[in-house]
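[1] One predicted model, sequence on top.
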Amino acid sequence: MSGGKVRAVNQLKIAGRRVFLRLDLNVPISGEGADKKIDDDTRIREALPTIQYCLEQGASKIILCSHLGRPDGKRTPKFSLEPVAKRLAELLGQDVLLSEEAIGEGVHQMIHHSKEHQIILLENIRFYPQEEACDMDFSRQLSHLAEVYVNDAFGTAHRKHASTYGMPSVMTECASGFLIDKELKFLNKLIESPLHPYVLITGGSKVTDKLKALENLLNYVDRVVIGGAMAYAFLAAKKIPIGKSKCEAEGVSAAEQILKKAATHKVEVVLPIDHKVAFPASDPDFKNPSVVDEIPVDAVALDIGPKTIELFKKAVGDARTIFWNGPVGFFEKEQYAGGTLALARAITEAKSVKVAGGGDTLSAIAHFELTDRFDLCSTGGGASLKYLEGKGLPCIEELRGK
């Protein structure tokens, strides 16, 4: 990663100036039309401190920008930010205008004629194909909306898009928001100055998605605890039967790579020793779990067993730094949530710096109502893993260059 700090929003002159604030308001929304509702407003709440700071500092206008979903450059009503604008207005206690356009005369007129300190949310920036293409003409048109640029969208910091990478390259007054500051503060601790013992807990489905981050983290950690579907690639790599458990061939070769590097670095690898399984042929809805030490050929493992729970709890008990990415079971189904819940509680009880990342991990932590027991629940799953590869993130480096 490049040297030098990223300038923060509290180092900029805000008073009387138009501020363009790129946020990550990509929240889950269900329902249709008038029945649309936001299922989890965490990302909106995480954006509030930077918005409120700009208001308190007397910004003349605050132009908010975000994406939502994957509209693929087309104006798609189901990906409208209208529900987000309403929720922001409720949380901030003031009107939030939604502009149907992000560029052109209409949005300039809306900004010009709106009252002082007005908040204006641009409609989904990914309605424009120029956004993901990082079109520089589009970036310049967006830059004309404001005098100051602030990026607080950590979840998109690994992608070179017009509103995250193009704009700061053409604007002189640029900074990061408080959320990016918080993310970097704790993620840097994982790869610059971790306290030991340092335990990495990883789960979820694919080893290949996390391979580069895992390889880099092996340079720092003392112990790796592996659960979830990932564990079965590692067990298969060790020639241990996994039955019909989810596992891909490339995952096994990636697991072999990780095991080899872990041995070279003398990093302890902790794998499940018993499993909660279901038999799909006779129990297609997975309603009747069985606990086994060895997975039968016709069974699929969906959670760790009680012996493994105790093993994992012991593995995190003495930790001073913990990074958790990926649940260790099919926690969405009550019968298979026990392992992830027990692990989450064990992490919160450890006297350590506790960082969690990844959408499924954060969903599990929120489901168990333990979010406030972590130092950081990273809002950027893909971005946090990319950052932990040790090579920096394009949008952060662009700000750093300022």
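    Ah, there it is.
[2] list the buried ones in stretch 65-83?
    Within stretch 65-83, the residues that count as buried by 16 or more other Cβ atoms under 10 Å are 65, 66, 67, 68, 71, 79, 80, 81, 82, 83. For every residue, glycine as well, the C-beta is placed using N, CA and C.
[3] Filter those residues down to just the ones in strands.
    Judged by DSSP state E, these include residue 65 as members of strands.
[4] Switch the buried residues of stretch 65-83 over to a markdown table; also include pLDDT and distance to residue 384.
    A markdown table is the format used below for the buried residues of stretch 65-83 (pLDDT from 0 to 100; distance: Cβ to Cβ, whole Å):
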| residue | pLDDT | distance to residue 384 |
| --- | --- | --- |
| 65 | 98 | 21 |
| 66 | 98 | 18 |
| 67 | 97 | 18 |
| 68 | 96 | 20 |
| 71 | 96 | 24 |
| 79 | 96 | 24 |
| 80 | 96 | 28 |
| 81 | 97 | 24 |
| 82 | 96 | 29 |
| 83 | 96 | 26 |
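[5] how does this structure divide into domains?
    When the chain is parsed with automatic domain parsing, its domains come out as 9-178, 194-390.
[6] Adding distance to residue 188, write these out as CSV.
    Compiled in CSV, the domains of the chain are given as follows (distance: least, Cβ to Cβ, whole Å):
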stretch, distance to residue 188
domain 9-178, 13
domain 194-390, 9
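[7] who wins for proximity to residue 398 among those domains?
    Nearest to residue 398 among those is domain 9-178 (4.9 Å), distances taken as Cβ to Cβ.
[8] Now for residue 262, how many residues are close by?
    18 (other Cβ atoms under 10 Å).
[9] helix/strand/coil for it?
    Following DSSP: H, G, I helix; E, B strand; the rest coil, the label given to residue 262 is helix.
[10] For the stretch 1-150 of the chain, give me the ranges with low pLDDT.
    1-4 (pLDDT under 70).
[11] quick one: buried residues of stretch 200-210?
    200, 201, 202, 203, 204, 205, 206, 207, 209, 210.
[12] on that earlier part again, I'd like to know which of the domains of the chain lies nearest to residue 397.
    Here domain 9-178 is closest among the domains of the chain (Cβ to Cβ), at 9.2 Å.
[13] sorry, back to before: looking at the domains of the chain, which is closest to residue 396?
    domain 9-178 (5.3 Å).
[14] how close does residue 120 sit to residue 109?
    11 Å (Cβ to Cβ, to the nearest Å).
[15] Of those two, which one has the most company?
    Set residue 120 next to residue 109 and count neighbours by other Cβ under 10 Å: residue 120 wins out with 21 against 12.
[16] Identify the spatial nearest neighbour of the more buried one, chain neighbours not counted.
    With sequence-adjacent residues excluded and distances taken as Cβ to Cβ, 6 or more residues apart in numbering, residue 120 is closest to residue 97, at 4.8 Å.
[17] now the strands: where do they sit in the stretch 251-400 of the chain?
    268-270, 275-278, 290-292, 300-304, 321-325, 353-357, 376-377 (DSSP state E, counting those that start in this stretch).
[18] between the ones you listed, which gets nearest to residue 395?
    For the strands of the stretch 251-400 of the chain, the distance to residue 395 is smallest for strand 353-357, at 17.3 Å, taking Cβ to Cβ.
[19] what stretches of the stretch 301-402 of the chain score poorly on pLDDT?
    In the stretch 301-402 of the chain (pLDDT under 70), the answer is 402.
[20] hey, where'd the helices end up in it?
    Taking DSSP state H, counting those that start in this stretch as the test, the helices found in the stretch 301-402 of the chain are 306-317, 338-349, 359-367, 381-386, 394-400.
[21] that older thread, would you format the strands of the stretch 251-400 of the chain as a markdown table with distance to residue 93 included?
    What follows is the strands of the stretch 251-400 of the chain, written out as a markdown table (distance: least, Cβ to Cβ, whole Å):
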| stretch | distance to residue 93 |
| --- | --- |
| strand 268-270 | 48 |
| strand 275-278 | 47 |
| strand 290-292 | 51 |
| strand 300-304 | 43 |
| strand 321-325 | 35 |
| strand 353-357 | 30 |
| strand 376-377 | 25 |
